[in-house]
Structures are given as C-alpha cells and as structure tokens.
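Chemist: Sequence and predicted structure, then a few things I'm wondering about:
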Amino acid sequence: MIYWHIFLAFFIPGIVGYGGGPASIPLVENEVVDRYGWLSVTEFSEVLAMGNALPGPIATKMAGYIGFQQGGILGAAIGVFATVAPSLILMIILLSVLHRHKDSPKVKRMTNYVRPTIAVLLGVMTLNFFTTAYEGIGILQTLILIIASFILLEKWKVHPAFVIVGALAYGAIFLA
C-alpha cells in the first residue's frame with residue numbers, strides 16, 4: 001500500500017500543479033506532511049533546501065528522495081515516475097493528436113510560424129551565452145572554445161556530448 005500512497009502523493013500534485021515543480025511544491029507539502037505525515041514541516045523544508053541546492057528539476061528530486069525514504073529504491077522510482085507521469089501522459093495524447101492531423105494545412109501553417117520563433121529564441125540564448133562567456137573568461141578563451149567546438153562538431157563530426165565534456169575539461173584545466 002505504501003507504493004500506491006507514494007504514487008498518489010506525487011501524481012496528484014503533478015496533475016493539479018500547473019507551472020512546474022515550484023508551483024507544485026505546496027501541493028507536495030500538503031500530501032507529504034499533512035495527508036500522509038511522512039515528514040514534519042521542518043524536515044520538508046530541509047528536503048526542499050537540499051533539492052534546491054542540486055541541479056535539475058526540484059519536483060523529481062524531492063519525489064526521489066521522499067520515495068526512497070518511504071519505500072526504498074522502488075519507492076524512489078515510483079515517486080519520480082508519478083511526478084513525470086502527468087506530463088508524459090499529456091505529451092502522448094498531444095503527440096497522437098498532432099500525428100493524426102500532421103497533414104492538415106493548419107498544422108503545417110502553425111509549424112511554419114513556430115520554427116522562426118524557435119530560431120530567434122535559440123539565437124538570443126546563444127548571444128546570452130556568448131556575452132556571459134566573454135565577460136567571465138575573456139575573448140581569447142571564448143574564441144578558442146567556439147572555434148574548437150565548431151571544428152569538432154562540423155568538420156570531424158564528434159558527438160556533442162564529447163565536445164561538452166572536452167569544454168568542461170578545458171575549463172577545469174586552463175580556467176580554474
């Protein structure tokens with residue numbers, strides 16, 4: 001029964017918590033502290049602080065931790081799954097609707113409108129990254145990383161994950 005309770009404790013906030021992890025935190029607190037009594041308010045605030053200190057989505061980290069605390073590894077897996085299940089279900093439904101109407105002129109037109117918007121957003125993000133890198137490490141280091149990444153990705157077709165790891169290693173060695 002504990003696994004079902006873990007599932008419900010994180011699935012329900014995932015459904016009604018519009019706005020992502022931060023919006024669902026009070027709902028998770030209600031389930032975990034008030035409804036099931038797994039944690040006190042102080043313990044919950046400590047879990048929240050720990051989750052905020054780590055990279056990644058807060059809701060899945062909290063679900064994994066609390067699920068593990070209550071039901072071991074299976075409890076952690078159920079908690080994380082319950083957190084992402086509402087989005088997963090909705091994406092599958094939307095994908096099936098989109099797939100059914102993929103040849104519709106309206107869908108094609110919408111796609112044509114969305115693509116330039118995404119391109120502009122990616123361009124702005126790239127400019128922000130470049131500006132931050134320039135201010136943080138200087139123009140020479142920024143240019144070295146840009147040129148090396150471009151050559152590795154475009155000329156030698158190195159997988160992007162290896163380029164990222166290489167850039168991290170470069171930063172650890174030369175920029176530390």
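Modeler: Looks like it came in fine. This structure is a prediction, so every number in the text was calculated from the model and none was measured.
Chemist: starting at the chain centroid, how far to stretch 136-155?
Modeler: Computed by CA atoms, centre = their mean, to the nearest Å, the separation of stretch 136-155 from the middle of its chain amounts to 26 Å.
Chemist: for stretch 157-170, that is, sorry about that
Modeler: Relative to its chain's centre, stretch 157-170 lies at 21 Å (CA atoms, centre = their mean).
Chemist: Same check on stretch 155-164?
Modeler: 22 Å.
Chemist: send the alpha carbons of it over as CSV?
Modeler: Extracted C-alpha coordinates of stretch 155-164, given in CSV (Å, rounded to 0.1, in the frame of the first residue of the first chain):
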residue,chain,number,x,y,z
LYS,A,155,34.4,19.1,-39.6
TRP,A,156,35.1,16.0,-37.6
LYS,A,157,31.5,15.2,-36.6
VAL,A,158,32.4,14.5,-33.0
HIS,A,159,29.3,13.7,-30.8
PRO,A,160,28.2,16.9,-28.9
ALA,A,161,28.4,15.1,-25.6
PHE,A,162,32.2,14.6,-26.1
VAL,A,163,32.6,18.3,-27.1
ILE,A,164,30.8,19.4,-23.9
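Chemist: which strands and helices sit next to the helix or strand that contains Trp4?
Modeler: Trp4 belongs to helix 2-16 when assigned by DSSP states H and E. Judged by 3 or more CB pairs under 8 Å, 6 or more residues apart in numbering; DSSP states H and E, helix 2-16 is in contact with helix 21-29, helix 58-100. In this view, the C-beta of every residue, glycine as well, is placed from N, C-alpha and C.
Chemist: Kind regards, and thank you for your time.
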